[in-house]
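1. Sequence plus the predicted model coming up.
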Amino acid sequence: MSSQTKNLAKMFVTLLLFASPALRASEGLKQGDVMPALAGFGLEGRVPATQGKIVWLDFCASWCGPCRASFPVMDKIHAKYKDKGLVVLGVSVDDDSKKWQAFVEKQNVSFPLVRDAQHKLVSLAGIEKMPTSFLIDGNGKIVSVHHGFKGKETEEAVEREIQSLLK
């Protein structure tokens with residue numbers, strides 16, 4: 001095999017190695033996937049420790065009506081299960097930090113909120129609808145994905161899932 005052929009083969013393998021994660025990322029995260037560590041996404045704000053915890057990760061925006069409606073429910077569930085191993089984390093996709101900050105101040109919630117200003121996490125997750133949330137088990141595996149917020153229906157479904165993970 002010539003050195004030129006070997007170099008082409010190496011370039012092809014390298015391309016496959018780098019293209020594969022990119023292709024998977026474009027599909028978004030789904031049930032059964034492992035959520036990558038949040039620290040590597042440049043999120044603005046305090047990202048809580050999540051290792052070994054159940055995480056309700058919610059993608060939201062200040063301009064999203066259903067997101068605003070979901071915050072009291074997330075806050076209630078956070079208060080009820082935070083001492084049992086649940087972390088609730090809101091991740092904003094807002095481009096305008098001032099609008100996001102004003103929104104956060106109006107919400108008065110006790111769970112942490114961060115902003116994905118660079119849209120790295122939201123892009124990897126493949127978020128197409130607001131809000132979209134992931135329930136993640138203590139091993140980092142996504143056990144469910146919720147698209148949209150349907151009031152009591154979403155609240156009851158998420159709470160059942162959290163209770164089953166806490167057993």
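-> Perfect, thanks for sending it.

2. only C-alpha atoms for contact and neighbour calcs from this point on.
-> Fine.

3. Could you list which residues are in contact with Val47?
-> Under the criterion of Cα atoms under 8 Å, 6 or more residues apart in numbering, the contact list for Val47 reads 38-39, 112, 114.

4. are any of the residues you listed buried, and which?
-> Of the members of the contacts of Val47, the ones counted as buried by neighbours, 16 or more other Cα atoms under 10 Å, are 112, 114.

5. in which helix or strand would I find the residue positioned nearest the centre of the chain?
-> Central residue check for the chain by Cα atoms, centre = their mean: the C-alpha nearest the mean position is that of Leu57, 4.5 Å away. Counting by DSSP states H and E, the element that carries Leu57 is strand 54-60.

6. so what secondary structure elements neighbour the next helix or strand along the chain from that strand?
-> Moving toward the C-terminus from strand 54-60, the next helix or strand (DSSP H and E) is helix 65-81. In this structure, helix 65-81 makes packing contacts with strand 86-92, judged by 3 or more Cα pairs under 8 Å, 6 or more residues apart in numbering; DSSP states H and E.

7. ok, the strand it packs on: who's next to it in the sheet?
-> strand 54-60 (parallel), strand 113-115 (parallel) (DSSP bridges).
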